[in-house]
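K.L.:
sequence below, structure please.
(chains A and B)
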There are 2 protein chains.
Amino acid sequence: MGLEMEAVPAAAAVAAGEQGVEIYPLSRYYFGAKDAAAAPRGVETPADRALRLKANFAAHGLRTSVHGVLLVELFDHPHVLLLQVRNSSFVLPGGRLRPGEEDVQGLKRKLSSKLSIVDDGEADAEDEDDWQVGECIGMWWRSEFEAIPFPYMPPNFRTPKECIKLFLIRLPMSRQFIVPRNMKLLAVPLSQIHNNAQVYGPVISGIPNLLSKFSLNVISD
Amino acid sequence: MGLEMEAVPAAAAVAAGEQGVEIYPLSRYYFGAKDAAAAPRGVETPADRALRLKANFAAHGLRTSVHGVLLVELFDHPHVLLLQVRNSSFVLPGGRLRPGEEDVQGLKRKLSSKLSIVDDGEADAEDEDDWQVGECIGMWWRSEFEAIPFPYMPPNFRTPKECIKLFLIRLPMSRQFIVPRNMKLLAVPLSQIHNNAQVYGPVISGIPNLLSKFSLNVISD
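P.N.:
Down below sits the predicted model:
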């Protein structure tokens, strides 16, 4: 039929190779818990947080946060791994870069602190190299720290306060995920996330669209 | 500040180069009109159309349509070129592949028939090569010919009827667009398209998200 008979020129075949993603069954992964990282700033009021972010912006400029999109198979359909803190909103594993830190290195550090046996701050080079960080698949901008992010620089803002970058992570066939006790790790189907900004927010709800160009090879048990 | 001081390793720099897109002012392009292509099937009833699509599917399998995302600058903000047929819905320039036709070649043929001086069906190799077709940025699937498309294969459908592919087109600094008289070519800002599925449909409204990973170099006059 149409798809199989199509002649694929060499350049296209190479591109398709890069864009292939193997997705392994959820059942091949092991899940455990570790102590919650102590909140570095204790309980912070929104006003204190706003002041801290403002001071950070003055000192270091644009705040960059990096997040990983990790995929697993369940019921023959790709699922995204999301973290939920105390039954509140869903977030992708990741976090903010340190001043001067490079995207991929910072993301590996954050993935290890949220999903590996290492404690936050103790991640060493060996653990961080464990993650296969692929290409940046999307980027969002906030004009203010609490503002809704946009996937482009809106015409009227020149000094964005935060840039949010999404990277595709290629998982090995099997591994352990060790999650802090104050968080839950959930596998959520693409079909539930798609267009569901009300539950998952604007960034996560756009992930199925960002993944659509990849050739997802969903492997079931 | 954060962004400028960031150390970029060689591999990342190469990737950024590939992901750069120059966007030139709308004022550098020339717009003209040509005769509307005669509707190949005259006025078709919805029932006739359903029968024709069903017969085509039986004969050729999955129907693939390919579309181009063309960007221009206006008011310092990227705009997408959309076609509007008789004040009805907005569509991206492009269309359906012929049986066995390759994506990029088919898209060049369609872009020429909608946006170049050539008449439909008369596009020759020279005209078609005029278009710099970049990577596939998104892919959508329809379970039935009139069904809502999804940016993934939903868990419960195994024989999609249509695949819709979006390609990024890199425009030269200047060129002519010659549009059939029964269509309007419009430049619509990313900020208006984003999340506006009601007006632009699910595929077009997701384009700002798909473009967010590119480094858009918006050049103004």
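K.L.:
which residues in chain A form strands?
P.N.:
A:20-23, A:29-34, A:63-74, A:77-85, A:90-91, A:94-96, A:132-142, A:162-170, A:175-180, A:183-189, A:215-218 (DSSP state E).
K.L.:
dump the ones you listed to CSV, plus mean neighbour count and mean pLDDT.
P.N.:
To be clear about C-beta, it is placed using only N, CA and C from the backbone, and glycine gets the same treatment. CSV is the format used below for the strands of chain A (neighbours: other CB atoms under 10 Å in any protein chain shown; pLDDT from 0 to 100):
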stretch, mean neighbour count, mean pLDDT
strand A:20-23, 16, 94
strand A:29-34, 13, 94
strand A:63-74, 22, 96
strand A:77-85, 19, 95
strand A:90-91, 18, 94
strand A:94-96, 19, 95
strand A:132-142, 19, 95
strand A:162-170, 21, 96
strand A:175-180, 16, 94
strand A:183-189, 17, 96
strand A:215-218, 16, 92
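K.L.:
make JSON lines out of these and add distance to chain B.
P.N.:
Listed next are the strands of chain A as JSON lines, based on distance: least, CB to the nearest CB, whole Å:
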{"stretch": "strand A:20-23", "distance to chain B": "11"}
{"stretch": "strand A:29-34", "distance to chain B": "20"}
{"stretch": "strand A:63-74", "distance to chain B": "6"}
{"stretch": "strand A:77-85", "distance to chain B": "4"}
{"stretch": "strand A:90-91", "distance to chain B": "18"}
{"stretch": "strand A:94-96", "distance to chain B": "11"}
{"stretch": "strand A:132-142", "distance to chain B": "5"}
{"stretch": "strand A:162-170", "distance to chain B": "8"}
{"stretch": "strand A:175-180", "distance to chain B": "23"}
{"stretch": "strand A:183-189", "distance to chain B": "7"}
{"stretch": "strand A:215-218", "distance to chain B": "8"}
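K.L.:
ok, which of these comes nearest B:R96?
P.N.:
For those, the distance to B:R96 is smallest for strand A:215-218, at 21.4 Å, taking CB to CB.
K.L.:
list the contacts of that closest one.
P.N.:
Residues from elsewhere that reach strand A:215-218 (CB atoms under 8 Å, 6 or more residues apart in numbering or on different chains): A:16, A:19-23, A:71, A:73, A:76-78, B:152.
K.L.:
centroid residue for chain A?
P.N.:
When chain A is reduced to its mean C-alpha position, the nearest residue by CA atoms, centre = their mean turns out to be A:G68, at 2.5 Å.
K.L.:
ok, what's across the strand from that one?
P.N.:
Beta-bridge pairing for A:G68 (DSSP bridges): A:F167.
K.L.:
can you pull the contacts of it?
P.N.:
Counted by CB under 8 Å, 6+ apart, A:G68 has contacts A:92-94, A:107, A:110-111, A:131, A:133, A:166-169.
K.L.:
which of those sit farthest apart?
P.N.:
A:K110 and A:L168 (15.2 Å).
K.L.:
my guess is A:P202 meets A:I148, correct?
P.N.:
Yes. Using CB atoms under 8 Å, A:P202 makes contact with A:I148 at a distance of 6.5 Å.
K.L.:
who's more crowded, those two?
P.N.:
The neighbour comparison of A:P202 against A:I148 (other CB atoms under 10 Å in any protein chain shown) goes to A:P202, with 15 against 12.
K.L.:
thank you, goodbye.
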